[in-house]
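> this is a predicted model, with the sequence first.
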Amino acid sequence: MESSLVNDQNAQPGEDIDVAYVARLARLQLSDEEVATFQSQLGDIVEYVRKISELDLSGIEPTSHAHPVHNVLRKDGARDGLAHDDVMANAPSSRDGQFIVPKIVE
């Protein structure tokens, strides 16, 4: 008979989720020792989440980050670019104010 993911409501914290059943769903082969270890660890995690859910958070604003996130980029503003004559002075070859480059595609 297939067991369910969640056992009865009167179960102990470590017995809320059937690790062996979840492992079968994920097609994982776990030894009995691994199932027992993961069952205990998962029980600890579930118990910790239950403790957190008991906290009164009515006056706390939801956040997505632990610390405020600020944009660290510089201000966006217009500024002078390079002078055309200075740029063209560095060109190996130019004509009519434009760079001349070798033909790549025939």
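Noted; the coordinates are in hand. Note that the structure is predicted; figures quoted are calculated from it, not measured.
> list the buried residues of the top helix by length along the chain.
Taking DSSP state H as the criterion, the chain has its longest helix at helix 32-53. By neighbour count on 16 or more other Cβ atoms under 10 Å, the buried set for helix 32-53 is 35, 38, 39, 42, 43, 46. Where you see a C-beta, it was placed from the backbone N, CA and C, and this is true even at glycine.
> isn't the first one right up against residue 21?
No. With contacts counted by Cβ atoms under 8 Å, residue 35 stays clear of residue 21, the gap being 9.9 Å.
> phi first, then psi, for residue 25.
Phi and psi for residue 25, reported as degrees, to the nearest 10, are phi -60, psi -40.
> look up how far residue 74 lies from residue 21.
54 Å (Cβ to Cβ, to the nearest Å).
> and the two? which has more neighbours close in?
Under the neighbour definition other Cβ atoms under 10 Å, residue 21 and residue 74 were set side by side, and residue 21 has more, 16 against 6.
> how about the helices in this structure?
19-25, 32-53, 84-89.
> dump those helices into TSV; add mean pLDDT as well.
Listed next are the helices of the chain as TSV, based on pLDDT from 0 to 100:
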stretch	mean pLDDT
helix 19-25	93
helix 32-53	91
helix 84-89	91
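> tabulate those helices (a markdown table), appending distance to residue 78.
Below are these laid out as a markdown table (distance: least, Cβ to Cβ, whole Å):
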| stretch | distance to residue 78 |
| --- | --- |
| helix 19-25 | 58 |
| helix 32-53 | 50 |
| helix 84-89 | 17 |
